[in-house]
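Colleague: Here is a sequence together with a model predicted from it:
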2 protein chains.
Amino acid sequence: MNIGQAAEASGVSAKMIRYYEQSGLIPRAERTASGYREYSEPDIHMLRFVRRARDLGFSVAEISELLGLWQDQSRHSAEVKRIARGHIDDLHRRIRDLQEMANTLTTLADSCHGDDRPECPILERLETGDLIAAIKPRGGVGRAAR
Amino acid sequence: MNIGQAAEASGVSAKMIRYYEQSGLIPRAERTASGYREYSEPDIHMLRFVRRARDLGFSVAEISELLGLWQDQSRHSAEVKRIARGHIDDLHRRIRDLQEMANTLTTLADSCHGDDRPECPILERLETGDLIAAIKPRGGVGRAAR
DNA sequence: CGTTGACCTTCCAACGATGGGAAGGCCTAC
DNA sequence: GTAGGCCTTCCCATCGTTGGAAGGTCAACG
């Protein structure tokens, strides 16, 4: 199976398949005499595993761990669960940060008339820094969320 | 005021101040005879505005719009509100995507024994693709969230 | 006046995951 | 044999941010 067909079958773009191979997440694919990558059913299986883990927001580093455990018949499920829990915590942190931003900004927007006058509490608060509540005074809420 | 002091006073790192200047978000700073950037109170004011907008998760492009309106005495608050609402919608989309991931993964993790046996529903579901619910079948949930 | 250390300057690179595109080779159907 | 659709590698861009190297400047201290 060509890389294009593998991409189609797995839902991972050909670009990303090459990238995953190059970065060591997945093993080097077999090659035909002319240099084309060749994929078999187990390969597609693995690619789908990777895509589903990506859909759950796992980083490539985490997926690398998960793939290792997936292929390790003597794994302990506790290890898998630990990785999952860590990722869930990460997701919750990001959700909380975004929610704080949304809450603050919603309060600001609600207090803005939104008409053709220039007065605007949103700009005023951004200017004075009196961001009502819940905004951490320093330390990268905006950064952590990106 | 030097860039270091401006960074201290505004909460924007010197690195980022240079980057913002270079990318056109903020105007070119005054320079001393020896080439050092010089910042005055209004400059610090603007930098603080930028930092607060970043803390609320606005992109640099959005901040550019907001800065323009901030300095435009004939602005319409409706325009500011429109940008804010757009960003709030974006935040909610990202929150929803992350929440879906967290929900699915929590369900999976809850069903995993987490002991020293290899059996693990998390890996099984990643393998089979039967991700219980709420996971969009395709189309970059994982991508959109990053 | 000289040295030292803390600052500043510009330039280049990296992160993480992904897409775009160019230049060139291969394969298949007609 | 040729067209056009694949494939290959390589480089670039994104976005916001940080790190570092190489070199200039400034203030304080002896």
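Modeller: That came in fine, so what should we check first?
Colleague: in chain A, what residue sits furthest out from the centroid?
Modeller: A:Arg117 (40.8 Å; CA atoms, centre = their mean).
Colleague: Can you tell me, leaving aside adjacent residues, what's nearest to that one?
Modeller: Closest residue to A:Arg117 apart from its sequence neighbours, by CB to CB, 6 or more residues apart in numbering or on different chains: B:Ser77 at 5.8 Å. Where you see a C-beta, it was placed from the backbone N, CA and C, and this is true even at glycine.
Colleague: can you check A:Ile63 too?
Modeller: Here the residue nearest A:Ile63, using CB to CB, 6+ apart, is A:Ala53, at 4.6 Å.
Colleague: so which strand or helix has that neighbour?
Modeller: Secondary structure assigned from DSSP states H and E places A:Ala53 in helix A:41-55.
Colleague: again, but for A:Leu98
Modeller: For A:Leu98, the host element (DSSP H and E) is helix A:77-110.
Colleague: on that earlier part again, hmm, the residue nearest to A:Arg117 is touching A:Ala109, no?
Modeller: No - the criterion here is CB atoms under 8 Å, and B:Ser77 misses it with A:Ala109 at 10.3 Å.
Colleague: what do those two both touch?
Modeller: In the contact map built from CB atoms under 8 Å, 6 or more residues apart in numbering or on different chains, the residues linked to both B:Ser77 and A:Ala109 are A:Ile122.
Colleague: hmm, back to that, and the residue nearest to A:Ile63, how far from A:Arg125?
Modeller: Shown here: A:Ala53 relative to A:Arg125, a distance of 40 Å by CB to CB, to the nearest Å.
Colleague: neighbour-wise, which of the two wins?
Modeller: Comparing A:Ala53 with A:Arg125 by other CB atoms under 10 Å in any protein chain shown, the one with more neighbours is A:Ala53, at 25 against 21.
Colleague: Wait, that one touches A:Glu62, no?
Modeller: Yes - under the contact definition of CB under 8 Å, A:Ala53 touches A:Glu62, with a separation of 7.4 Å.
Colleague: how does chain A divide into domains?
Modeller: The record, using automatic domain parsing to delimit domains, assigns chain A the ranges A:3-71, A:77-144.
Colleague: Generate TSV for the ones you listed, with mean pLDDT and distance to DNA strand C as supplementary columns.
Modeller: Output for those, formatted as TSV (pLDDT from 0 to 100; distance: least, CB to the nearest atom of the strand, whole Å):
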stretch	mean pLDDT	distance to DNA strand C
domain A:3-71	96	3
domain A:77-144	84	11
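Colleague: export those domains to TSV and tack on distance to B:Tyr19?
Modeller: Output for these, formatted as TSV (distance: least, CB to CB, whole Å):
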stretch	distance to B:Tyr19
domain A:3-71	25
domain A:77-144	13
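Colleague: right, so of the ones you listed, which gets closest to B:Met101?
Modeller: domain A:3-71 (4.5 Å; CB to CB).
Colleague: Give me the contact status of that closest one with DNA strand D.
Modeller: Yes - part of domain A:3-71 sits near DNA strand D under the criterion CB under 7 Å from any atom of the strand, namely A:3-5, A:14, A:18, A:35-37.
Colleague: May I ask which two of those residues are separated the most?
Modeller: The distance between the two most remote of the residues of domain A:3-71 next to DNA strand D (CB to CB) is 16.5 Å, for A:Gln5 and A:Gly35.
Colleague: Tell me the residue of chain A that sits nearest DNA strand D?
Modeller: Nearest residue of chain A to DNA strand D: A:Gly4, at 2.4 Å (CB to the nearest atom of the strand).
Colleague: I am finished for the moment; much appreciated.
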